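> make a model of this:
(one chain, ligands or ions: 1)
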Amino acid sequence: MIMSLEPSGEEQERFRANFKIISSSFASMPFKIPGTAFHRGIKARDSMYAMIDSIIAKRRNGEVIQQDFLESLIIKHSKGTNTIDNEDNKLTDQQMKDNILTLLVAGHDTTTAALTWLVKFLGENPAVLEQLREEHLQIQANRKDGTNLTWSEVNNMPYTNKVISETLRRATILPWYSRKAAQDFEIDGYNIKKGWSINLDVVSIHHDPETFPDPEKFDPSRFDAPLKTFSYLGFGSGPRMCPGMNLAKLEICIFIHHLVCKYKWRTLEKDDSVQPTLVRMPKNKYPIMVEPL
Ligand code: HEM
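You can find the predicted model right below:
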């Protein structure tokens, strides 16, 4: 979808290996010294840049044509192409590479973690799973044989949306992110100065018992009524809110549809601890055994 890599190709494997190194260097100290996680991350990033360069070159000389995000960037941002955009607004190749890498890095581990937590919470809450399955079996029953999930079906999954929001609240995949104060202000007796970095403790916000009574409980009905502004930040809020939200939700809805309509599963290893990484994941990655229904 972003740059159409062949799932089983050699290029995909090299990408995957570099990607893993980059992910594990996220929260490292920025010391560019050989042997450090940061140094390994920079080297993996440079190797990804080289791969994206060669993909962009193949696209530019017409060797490969795809309908994906990279193609639309190339078409829109090639200098001298006949679009209404000002030449000064066009992205350089370096900026295109950075955009591609940002989307891959920001979109991969987050979505993987969301799906993992979802499977865990559904397994632990059979009544929720049953209600979710009912919604999806109904969608399937209303459909003509052999047709795929449609856009309007995906946009009409009210219970599924609540399950996704409750998964992101309870798991809080990005436990914190920051903002820079645009002006001096005071909050709860604390004076914040213009230019300070403020870290939001989203885990605490998502587990505030005043907004979410019995906060450890997995309960999608919390989202039956609108919540207080800024109390749910699964995808953040404001101008820097996650730009991949709709794509992530689409992927999760499709995953849920196939999972609950076709499969049952059981947990192989019970463990409630959370991996202390930037993207929160069950520590044991939550292995399951899946069987057809
Ligand atoms: C379930 C999956 C995902 C979750 C839980 C998630 C969550 C978040 C959160 C909490 C933020 C910070 C928002 C803020 O500062 O207000 C963020 C930012 C971002 N996300 Fe996502 N995200 C997900 C999937 C994706 C996907 C699929 C993409 C792209 C393909 C993506 C791209 C980004 C980018 C580029 C930013 C930075 C935005 C900026 O700083 O302006 N995310 N995401």
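> helix or strand right after the host helix or strand of Ser23?
Using DSSP states H and E, Ser23 falls within helix 10-24. Downstream of helix 10-24, the first helix or strand assigned by DSSP H and E is helix 37-60.
> following that next one, which helix or strand comes up?
That would be, after helix 37-60 and using DSSP H and E, helix 69-77.
> the first helix or strand past that following helix going along the chain near the ligand at all?
Proceeding N to C from helix 69-77, the next assigned helix or strand is helix 93-124, under DSSP H and E. Yes. Using Cβ under 6 Å from any ligand atom, helix 93-124 comes into contact with the ligand via Thr102, Leu103, Ala106, Gly107, Thr110, Thr111, Ala114. Using the backbone N, CA and C atoms, a C-beta is placed for each residue, glycine as well.
> separate out the buried members of these.
For the residues of helix 93-124 next to the ligand, a neighbour count by 16 or more other Cβ atoms under 10 Å gives the buried set as Leu103, Ala106, Gly107, Thr110, Thr111, Ala114.
> how about the nearest residue to the second one, chain neighbours excluded?
The spatially closest residue to Ala106, leaving aside those adjacent along the chain, is Gly244, at 6.5 Å (Cβ to Cβ, 6 or more residues apart in numbering).
> show me the contacts for the residue in the stretch 1-150 of the chain that the ligand sits nearest to.
Nearest residue of the stretch 1-150 of the chain to the ligand (Cβ to the nearest ligand atom) works out as Gly107 at 2.9 Å. Gly107 makes contacts with Ile2, Gly244, Leu247, Ala248, as judged by Cβ atoms under 8 Å, 6 or more residues apart in numbering.
> and Ile33, how far from Ala17?
Distance of Ile33 to Ala17, computed by Cβ to Cβ, to the nearest Å: 22 Å.
> can you list the residues of this protein near the ligand?
102-103, 106-107, 110-111, 114, 168, 173-174, 177, 234-238, 240-244, 247-248.
> quick revisit: what residues are up against the residue nearest to Ala106?
Gly244 neighbours (Cβ under 8 Å, 6+ apart): Leu103, Ala106, Gly107, Thr110.
> so which elements touch the host helix or strand of Trp265?
In this assignment (DSSP H and E), Trp265 forms part of strand 263-267. Contacts defined by 3 or more Cβ pairs under 8 Å, 6 or more residues apart in numbering; DSSP states H and E place strand 263-267 against helix 93-124, strand 288-292.
> again, only using 6 Å
strand 288-292 (3 or more Cβ pairs under 6 Å, 6 or more residues apart in numbering; DSSP states H and E).
> pull the number of nearby residues for Phe235.
Number of residues near Phe235 (other Cβ atoms under 10 Å) recorded here: 18.
> apologies, that question was intended for Met281.
19.
> so it versus the ligand, what's the distance?
12 Å (Cβ to the nearest ligand atom, to the nearest Å).
> do I have it right that that residue meets Asp271?
No. Using Cβ atoms under 6 Å, Met281 is not in contact with Asp271, being 11.4 Å away.
> average pLDDT for stretch 13-33?
When pLDDT is averaged over stretch 13-33, the result is 86.
> and the pLDDT for the residue lying closest to Leu259 once chain neighbours are set aside?
Leaving aside its sequence neighbours, Leu259 sits nearest to Val119 (Cβ to Cβ, 6+ apart; 7.5 Å). pLDDT, Val119: 97.
> Val119 and Leu132, how far apart?
12 Å.
> now swap in Lys97 and tell me
For Lys97, the distance to Leu132 - Cβ to Cβ - is 39 Å.
> please report how far the residue of the stretch 1-150 of the chain closest to the ligand lies from Lys97.
Where Lys97 is concerned, Gly107 sits at a distance of 16 Å (Cβ to Cβ).
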